[in-house]
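Visitor: Pasting the sequence and the predicted coordinates here, then a few questions.
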Amino acid sequence: MRERSVFGSFRRVAETSSNIKAMISRSRGPHYRRVISLALAVMIAAATALLAVPADAAGKGVLHVIQGLPGRSLDISVDGRTVARGVKAAEIVGPLDVAAGQRKVTAREGGKVVIERVVTVGADSNLDVVVHRPAAPTAAPVITTYANKLTGIPKDKAALRVAHTAAVGPADIRVNGKVLFANVANGESLDVVVPAGTYSVEIVPAGATSPVILGPLALPVKAGYLTRVFAIGEPNSKTMNVTVTSLRLPSAGSDRPNLVNTGTGGQAAGLVNGEQSPVAPIALVALLLVGASLLTIRKVVRR
């Protein structure tokens, strides 16, 4: 790919400025000062436009907030804006469209902050944000995030995630009686792609078969979906519960393209993934403005 520096644009603007001053210095008339001010203002605006990127160019992301604190009713806010009130355990808030970047997620109960954390949201990302207890049941709540990879899978397959967000120590996740993920710590998860169907899922203490912390659960997983399972609660207080939710995934096969990029150099360098760089139309307008100002100057000074 050909690399181009913005400094080249500044040099061209500077050269244009010198040419304008030289032309004006040989001219006389009552419009002298006004023409200089207009030309300089247009050139400054053009240089700014060449470098500026619209605020929404950073993209957006999606959040799903899972309430994993049994016995509590929470108000959830993002960046100070309340998005849900009175959220019970095992309930989900979202999907929430948010700007990419650092987002502050706050959970309150009765107006008092229970937990507040900053999460990083990437452009076009999809995140699960779980409010839950750590392994120690009496410890302060924590927030754990899980990135949902919405990539294509074969049409007869399903994606499955089982997350350990219960207030209990390391555990084994068993699927159809077989340990698929051993010694899973609080906050960790198992991610697998499996044939569509119904599976028996249970969580047991690491290295043991009993007592069963959660399950067995008859869990249907649908082809073409990412099914997420979050274990929440605490066994000793008999508050163990589960949140199950799913997201549709794209097909593993690619669709017909609706835009074909025919190169990445020269004039095609601003096209990436079928989208035109947001700077390109701004730069074009800026150049047109500069050209219009030159024509205006020449017309005025030659009277």
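Guide: Thanks, I have the structure now.
Visitor: Glu234 - nearest residue in space that isn't next to it in sequence?
Guide: With sequence-adjacent residues excluded and distances taken as C-beta to C-beta, 6 or more residues apart in numbering, Glu234 is closest to Ala167, at 4.0 Å. Where you see a C-beta, it was placed from the backbone N, CA and C, and this is true even at glycine.
Visitor: and what of Asp156?
Guide: Spatially, and ignoring its direct neighbours in sequence, Asp156 is nearest to Ala223 (5.5 Å; C-beta to C-beta, 6+ apart).
Visitor: All the helices of this protein, residue numbers only.
Guide: Assigned by DSSP state H, the chain shows helices spanning 6-25, 32-51, 279-301.
Visitor: tell me the contacts of the spatially closest residue to Leu63 that is not a sequence neighbour?
Guide: Using C-beta to C-beta, 6+ apart and skipping the chain neighbours, the partner closest in space to Leu63 is Leu96 (4.4 Å). Residues near Leu96 by C-beta atoms under 8 Å, 6 or more residues apart in numbering: Val62, Leu63, His64, Val65, Val78, Val83.
Visitor: Kindly recompute the last result at 7 Å.
Guide: Contacts for Leu96 (C-beta atoms under 7 Å, 6 or more residues apart in numbering) come out as Val62, Leu63, Val78, Val83.
Visitor: Let me know whether the first one touches Asp97 as I believe.
Guide: Yep, that's Val62 we're talking about. Yes: using C-beta atoms under 7 Å, Val62 is in contact with Asp97, at 6.0 Å.
Visitor: Neighbour count: those two, which is higher?
Guide: Val62 (18 against 9; other C-beta atoms under 10 Å).
Visitor: looking at the sheet around the more buried one, what are its partners?
Guide: Asp97, Asn126 (DSSP bridges).
Visitor: how about it, what does it touch?
Guide: Pro95, Leu96, Asp97, Asn126.
Visitor: In TSV, list these along with distance to Arg103.
Guide: Shown next, in TSV, are the contacts of Val62 (distance: C-beta to C-beta, whole Å):
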residue	distance to Arg103
Pro95	14
Leu96	9
Asp97	11
Asn126	13
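Visitor: Quick one: those residues as JSON lines, columns for distance to Gly71 and pLDDT too.
Guide: As requested, these are exported to JSON lines (distance: C-beta to C-beta, whole Å; pLDDT from 0 to 100):
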{"residue": "Pro95", "distance to Gly71": "26", "pLDDT": "97"}
{"residue": "Leu96", "distance to Gly71": "24", "pLDDT": "98"}
{"residue": "Asp97", "distance to Gly71": "30", "pLDDT": "97"}
{"residue": "Asn126", "distance to Gly71": "29", "pLDDT": "98"}
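Visitor: So Thr245 is in contact with Ala90, correct?
Guide: No: with contact defined as C-beta under 7 Å, Thr245 does not reach Ala90; the gap is 10.1 Å.
Visitor: Quick check: neighbours shared by these two?
Guide: Common neighbours of Thr245 and Ala90 (C-beta under 7 Å, 6+ apart) do not exist.
Visitor: List the beta-bridge partners for the residue nearest to His164 when sequence neighbours are not counted.
Guide: The shortest distance from His164 to any non-neighbouring residue, by C-beta to C-beta, 6+ apart, is to Val184 (4.7 Å). For Val184, the beta-bridge partners are Ala171 (DSSP bridges).
Visitor: quick one: Val184 and Thr198, what's the gap?
Guide: 22 Å (C-beta to C-beta, to the nearest Å).
Visitor: Specify which residue of the two has the higher count of neighbours.
Guide: Val184 (22 against 10).
Visitor: Show the model's pLDDT score for that one.
Guide: Turning to Val184, the model gives it a pLDDT of 95.
Visitor: One more: the one 3 residues further on?
Guide: With respect to pLDDT, Gly187 has a value of 96.
Visitor: So in terms of bridging, what pairs with Leu219?
Guide: Tyr199.
Visitor: wouldn't it be in contact with Glu202 here?
Guide: No: with contact defined as C-beta under 7 Å, Leu219 does not reach Glu202; the gap is 10.0 Å.
Visitor: so what pLDDT did Arg28 get?
Guide: In this model, Arg28 carries a pLDDT of 50.
Visitor: was I right about the residue nearest to His164 contacting Ile173?
Guide: Yes: contact criterion C-beta under 7 Å: Val184 and Ile173 qualify, at 5.8 Å.
Visitor: Now do Gln67 against Arg228, distance only.
Guide: Taking C-beta to C-beta, one finds Gln67 at 14 Å from Arg228.
Visitor: Let me fix that, I meant to ask about Val119.
Guide: 17 Å.
Visitor: out of these two, which sits in the busier spot?
Guide: Comparing Val119 with Arg228 by other C-beta under 10 Å, the one with more neighbours is Arg228, at 24 against 19.
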